[in-house]
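*Asks:* Need coordinates for the below:
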Amino acid sequence: MGYVDFDSLAQKLTPTLQVLEGKRKELLKKGCSEGARYAALFLIVGVIILIILKLEGIFALIVIAVISVIIFFTCVNNKSKIVSSFYKEEVVNEVIHAFCPDAAFTPDSGIDESVFENCGLFISPDRYHAEDLIEGCLGKTSFVCSEVHAEERRTRSTKNGVQHYWVDIFKGFLFIADFHKDFQGETTILRNSLFKLKMGASRVKMENPEFEKVFDVFSTDQIEARYLITPSMMERMLKLDNNFKKGITISFRNSTILVAIPDSKNRFEADVWSSLNDMNLLKSDFAVLQSLLAIVDELNLNTRIWSKE
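*Replies:* This is a model prediction of the structure:
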């Protein structure tokens, strides 16, 4: 992967961003107009109903006013979907290709649920959503990545009966690269681990003190784990971890490396309320993508390790 200068890329995209900024302002104006119209209509109808039913009291008026405000902001925020669609197609797609010219970006698709279930890191979800799928190839290494939100449905007893609620299994960025080489064992790297060891897995002691402070390494093959996690690899993982500090998980299994990064932020999204002239919107996203692809680069350099006999 070649070096990508963010400032040069931002300069290249400035004309596109200026056009999109004009569209954003138009959509914001349209959303405010629609929101004000529907909110006012609801407010008027609500007041009329109160008069007809001869209902008195400030509480009913407050409820109607609050719902009217919600209607207004819902109408405006719905325009963000249109802004994001333009932004992904004309800006995000361009930046992804700067990192990986052959990559394909499909905003409405994501890593399949079956892949998530079979990665060996998470329980099966009851509700699953994935988007912003990126597929590409660096050297001989193919990769896919996307945003993923997996949830488990739970129940609890309350004085009003049984209540159902949702708990996150994983929400964030999932990156999977295929090295076309079957690993002999399974190696998992976790941050501040409360991880329950799999049968046959044991703790691997690494030589980097800083890495040891941050990560716990478990593997069914101690020798292979040390080949996988080179000094340079440890430095890259520390850099990746520094971007998040939310417990990234890295797994080597079968012929793939999987990086799971918990992240509450929705990546590659634009907001109808925010100016598109500010490239800071993308800086953190591209830092993530660059760090992930740098891990692929590092493993590709060790071709003598991964070559099949």
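*Asks:* next structured bit after the longest helix seen in the chain?
*Replies:* For the chain, the helix that runs over the most residues, judged by DSSP state H, is helix 6-52. With elements assigned by DSSP states H and E, the helix or strand that comes after helix 6-52 is helix 58-77.
*Asks:* For that following helix, which helices and strands make contact with it?
*Replies:* On a contact count with 3 or more Cβ pairs under 8 Å, 6 or more residues apart in numbering; DSSP states H and E, helix 58-77 meets helix 6-52. For the C-beta atoms, the positions are set from N, CA and C on the backbone; glycine is no exception.
*Asks:* Let me know the average pLDDT across the helix it packs on.
*Replies:* Taken as a whole, helix 6-52 has an average pLDDT of 92.
*Asks:* Report the inter-axis angle for it versus helix 58-77.
*Replies:* Between helix 6-52 and helix 58-77, the angle comes out at 150 degrees (axes from the mean of the first three to the mean of the last three Cα atoms, to 10 degrees).
*Asks:* okay, now residue 177: neighbour count?
*Replies:* 23 (other Cβ atoms under 10 Å).
*Asks:* Same question for residue 252.
*Replies:* 22.
*Asks:* Just grab the bridge partners of it for me.
*Replies:* residue 187, residue 257 (DSSP bridges).
*Asks:* hang on, it packs against residue 181?
*Replies:* No. Counting by Cβ atoms under 8 Å, residue 252 stays clear of residue 181, with 10.3 Å between them.
*Asks:* Quick one: low-confidence residue ranges for the stretch 151-300 of the chain.
*Replies:* Where the stretch 151-300 of the chain drops to pLDDT under 70, the residues are 192-200, 243-245, 298-300.
*Asks:* how does it look with 50?
*Replies:* 195-196 (pLDDT under 50).
*Asks:* Do a quick rundown of the helices in it.
*Replies:* 209-214, 222-228, 231-242, 280-301 (DSSP state H, counting those that start in this stretch).
*Asks:* okay if I get the ones you listed as CSV plus mean neighbour count and distance to residue 261?
*Replies:* CSV is the format used below for those (neighbours: other Cβ atoms under 10 Å; distance: least, Cβ to Cβ, whole Å):
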stretch, mean neighbour count, distance to residue 261
helix 209-214, 13, 14
helix 222-228, 17, 19
helix 231-242, 17, 8
helix 280-301, 18, 7
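*Asks:* would you list these in JSON lines and tack on distance to residue 110?
*Replies:* Putting the helices of the stretch 151-300 of the chain into JSON lines (distance: least, Cβ to Cβ, whole Å) gives the following:
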{"stretch": "helix 209-214", "distance to residue 110": "28"}
{"stretch": "helix 222-228", "distance to residue 110": "27"}
{"stretch": "helix 231-242", "distance to residue 110": "21"}
{"stretch": "helix 280-301", "distance to residue 110": "16"}
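*Asks:* nearest to residue 46, of those?
*Replies:* Nearest to residue 46 among the helices of the stretch 151-300 of the chain is helix 280-301; the distance by Cβ to Cβ comes to 38.0 Å.
*Asks:* Give me the residues contacting the closest one.
*Replies:* 1, 4, 6, 91-92, 95-96, 99-100, 134, 138-141, 143, 145, 173, 175, 177, 179, 228, 230, 232-233, 236-237, 239-240, 243, 257, 259, 261, 265, 267-268, 270, 274, 306 (Cβ atoms under 8 Å, 6 or more residues apart in numbering).
*Asks:* Now do that helix against helix 231-242, angle only.
*Replies:* Going by the same axes, to 10 degrees, helix 280-301 makes 160 degrees with helix 231-242.
*Asks:* quick check, distance from helix 280-301 to the centre of its chain.
*Replies:* Computed by Cα atoms, centre = their mean, to the nearest Å, the chain-centroid distance of helix 280-301 equals 14 Å.
*Asks:* again with stretch 104-116
*Replies:* Worked out by Cα atoms, centre = their mean, stretch 104-116 lies 12 Å from the chain centre.
*Asks:* Per-residue confidence, residue 304, what does it come out as?
*Replies:* Taking residue 304 on its own, its pLDDT is 43.
*Asks:* just residue 142 next, same as before
*Replies:* pLDDT, residue 142: 86.
*Asks:* Contacts only, for it.
*Replies:* Neighbouring residues of residue 142 by Cβ under 8 Å, 6+ apart: 135-136, 177-178.
*Asks:* rerun that using 7 Å as the cut-off
*Replies:* Counting by Cβ atoms under 7 Å, 6 or more residues apart in numbering, residue 142 makes contact with residue 178.
*Asks:* contacts for stretch 106-124?
*Replies:* 88, 128, 130-133, 144, 146-148, 150, 152, 169-170, 174, 176, 249, 251, 253, 258, 260.
*Asks:* got the CA positions of that stretch in CSV?
*Replies:* Extracted C-alpha coordinates of stretch 106-124, given in CSV (Å, rounded to 0.1, in the frame of the first residue of the first chain):
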residue,chain,number,x,y,z
THR,A,106,-20.9,-0.9,-1.4
PRO,A,107,-22.5,1.3,1.3
ASP,A,108,-25.8,-0.7,1.5
SER,A,109,-24.0,-4.0,2.0
GLY,A,110,-21.9,-5.4,4.8
ILE,A,111,-20.1,-8.6,6.1
ASP,A,112,-22.6,-11.4,6.1
GLU,A,113,-24.1,-12.5,9.4
SER,A,114,-22.8,-16.1,8.8
VAL,A,115,-19.3,-14.8,8.6
PHE,A,116,-19.7,-13.0,11.9
GLU,A,117,-21.2,-16.1,13.6
ASN,A,118,-18.4,-18.3,12.4
CYS,A,119,-15.4,-16.1,13.3
GLY,A,120,-15.2,-17.7,16.7
LEU,A,121,-15.2,-14.5,18.7
PHE,A,122,-18.8,-13.7,19.3
ILE,A,123,-22.1,-15.4,20.2
SER,A,124,-24.8,-15.7,17.5
